[in-house]
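Chemist: After the sequence you'll find the predicted model.
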Amino acid sequence: MREHERPAYDAVIVGARVAGAATALLLARFGLRVLLVDRGRLGADTMSTHALMRGGVLQLSRWGLLDAVVAAGTPPVYRTTFRYADDVVPVAVKPSLGVAALYAPRRTVLDPILVDAAAAAGADVRFGVAVADVSRDERGRVDGVVGRTRTGEVFRARARFVVGADGIRSTVAERVRAPVERIGSSVAAVTYGHWTGLETDGYEWNFRRDAASGVVPTNGGQACVYVSASPRRIGRGGRETLTRIVAESSPPLAERLAAAAAPAALRTFTGSRGRVRRSWGEGWALVGDAGYFKDPLTAHGQTDALRDAELLARALFAAIAGDLPEHEALAGYQRTRDELSSTFFELTDVIAGHGWTDDEIQVLLRRLSAAMSDEVKTLSDLPPVPPAGRLVHCG
Ligand SMILES: Cc1cc2nc3c(=O)[nH]c(=O)nc-3n(C[C@H](O)[C@H](O)[C@H](O)COP(=O)(O)OP(=O)(O)OC[C@H]3O[C@@H](n4cnc5c(N)ncnc54)[C@H](O)[C@@H]3O)c2cc1C
């Protein structure tokens, strides 16, 4: 291909939150030409109880972004307390691999930190662009996106790769007809809100069958409080539902909630079965919820998105730099993602089914913790990412 015929970008990434902004940031740091688009607005909130696990915090630390999260006033979490029917198990966060605490930044804090870092690394960023389709070359390979700007103009961009980081209802996945390779059987619902002045001591996870609840300390002196149960119990959600389920799940939390200032409105997720899609093809890839979604009760979607952003960015870089054939690089991305996710996906499906006994849930959570340790080990073994400001340009 002659120079003037090259696509304008190495990658166009659709969706500028944890998965997409992180992928853009890493590709730009590797020296690639990146366009990041989102139909929304920078800094807008989204549905999430936003707790990061160790792997997610480790990624932010490895990429040099944890300081910005801390500087935004995100409180450190030094302890996680699990409450069961007859047992309370506090677990201290052990400092290791540069992670001394966990954090749960609001998405209005975390997502813009990632987007700003991507822009600082050289990515072009456009909000207010809704992608409607992919474009294809004469051989059928995906070679760009087509959409509309907020003001109604047609938007087109060409790239060697299109990355769908556009969430659970991914347009890119639909347009490339990415097959669903695995589907869960459980559906749980969640209703949550942010209380002010609630006494907190780190993350609290309360597990009672069909009445799970939790507390996630976050920015602005607030704590996110959620309940998860079958969709039938949560219904349309809201404060009465949350208060009733918290009272069953953890009576001491119900008392503390009564003493704090409740939010004006709660948000409700009515549930969706977990699913894994094939996440690469000719000229395209999926990352984050677009490729792999699981129920939020195990609070791992963002951590996985930050992990998979790096796995995908490394695969795309290897393909573009010619270090690996494209198929090998992208198949390797999905294989590693699936190896690291498989146990987690299965356990989450069982936990979200709310069919366990009080003894079984403790065993399930211990297995989940072991799967998280494997993930952290893999991430800590990855080579360092080029720091901000040092570009490694490839041909
Ligand atoms: C109730 C609930 C609670 C959760 N709690 C936690 C938790 O505590 N911890 C945790 O780690 N995870 C949690 N999760 C999961 C987590 O929120 C997701 O895994 C994470 O947001 C996925 O990030 P993403 O970047 O893949 O997608 P998203 O965050 O969904 O972002 C997708 C982006 O793509 C954009 N977009 C979509 N379509 C288009 C289009 N056609 N054109 C342009 N842009 C488009 C959207 O505007 C959006 O900004 C929770 C989820 C829910 C529903």
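Modeler: Happy to help now that I have it. Numbering: from 1, shown residues only.
Chemist: Would you agree residue 311 is in contact with residue 335?
Modeler: No - using Cβ atoms under 8 Å, residue 311 is not in contact with residue 335; the gap is 9.7 Å. Quick note: C-beta positions are derived from backbone N, CA and C, even for glycine.
Chemist: quick one: which of these two has more around it?
Modeler: Taking neighbours as other Cβ atoms under 10 Å, residue 311 and residue 335 compare with residue 311 leading, 22 against 11.
Chemist: Contact partners for that one?
Modeler: Taking Cβ atoms under 8 Å, 6 or more residues apart in numbering as the contact definition, residue 311 lies against 333, 336, 337.
Chemist: Could you give the number of residues near residue 48?
Modeler: The number of residues packed around residue 48, counting by other Cβ under 10 Å, is 23.
Chemist: Now do the contacts for it.
Modeler: Residue 48 makes contact with 107, 296, 301, 302, according to Cβ under 8 Å, 6+ apart.
Chemist: Sitting in helices, which of those do you find?
Modeler: Members of these lying in helices (criterion: DSSP state H): 107, 301, 302.
Chemist: ok, so of those, who is nearest the ligand?
Modeler: Using Cβ to the nearest ligand atom, residue 301 is the member of the ones in helices among the contacts of residue 48 that lies nearest the ligand, at 2.0 Å.
Chemist: tell me the mean pLDDT for stretch 187-207?
Modeler: The predicted model assigns stretch 187-207 a mean pLDDT of 97.
Chemist: got it, and stretch 257-266?
Modeler: 97.
Chemist: For it, which residues meet the burial criterion?
Modeler: Within stretch 257-266, the residues that count as buried by 16 or more other Cβ atoms under 10 Å are 257, 260, 262, 263, 266.
Chemist: first vs last residue of it, how far apart are they?
Modeler: Terminal residues of stretch 257-266 lie 14 Å apart, using Cα to Cα, to the nearest Å.
Chemist: Residues touching that stretch, excluding its own?
Modeler: Under the criterion Cβ under 8 Å, 6+ apart, residues 191-199, 223, 225, 237-239, 242-243, 246 lie in contact with stretch 257-266.
Chemist: what do you get if the cut-off is 6 Å, keeping everything else the same?
Modeler: Residues from elsewhere that reach stretch 257-266, judged by Cβ atoms under 6 Å, 6 or more residues apart in numbering: 191, 193, 194, 195, 196, 197, 198, 237, 238, 239.
Chemist: so what's the residue nearest to residue 178 when sequence neighbours are not counted up against?
Modeler: Residue nearest to residue 178 in three dimensions, not counting chain neighbours: residue 277, with 4.5 Å by Cβ to Cβ, 6 or more residues apart in numbering. Residues near residue 277 by Cβ under 6 Å, 6+ apart: 173, 178, 180, 286, 291.
Chemist: roughly how far apart are residue 55 and residue 377?
Modeler: Counting by Cβ to Cβ, to the nearest Å, the gap between residue 55 and residue 377 amounts to 10 Å.
Chemist: who's more crowded, those two?
Modeler: residue 55 (24 against 11).
Chemist: Can you add secondary structure and distance to residue 122 and give the buried residues of stretch 257-266 back as a markdown table?
Modeler: Output for the buried residues of stretch 257-266, formatted as a markdown table (DSSP: H, G, I helix; E, B strand; the rest coil; distance: Cβ to Cβ, whole Å):
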| residue | secondary structure | distance to residue 122 |
| --- | --- | --- |
| 257 | helix | 46 |
| 260 | coil | 44 |
| 262 | coil | 44 |
| 263 | coil | 39 |
| 266 | coil | 40 |
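Chemist: among these, which two are most distant?
Modeler: 260 and 266 (14.0 Å; Cβ to Cβ).
Chemist: how about the contacts of residue 48 in TSV, adding pLDDT and distance to residue 147?
Modeler: Conversion of the contacts of residue 48 to TSV gives the following (pLDDT from 0 to 100; distance: Cβ to Cβ, whole Å):
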residue	pLDDT	distance to residue 147
107	98	23
296	97	28
301	98	25
302	98	25
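Chemist: need the residues you listed in JSON lines with distance to residue 386 and neighbour count, can you?
Modeler: Compiled in JSON lines, those are given as follows (distance: Cβ to Cβ, whole Å; neighbours: other Cβ atoms under 10 Å):
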{"residue": "107", "distance to residue 386": "26", "neighbour count": "19"}
{"residue": "296", "distance to residue 386": "32", "neighbour count": "24"}
{"residue": "301", "distance to residue 386": "26", "neighbour count": "24"}
{"residue": "302", "distance to residue 386": "23", "neighbour count": "29"}
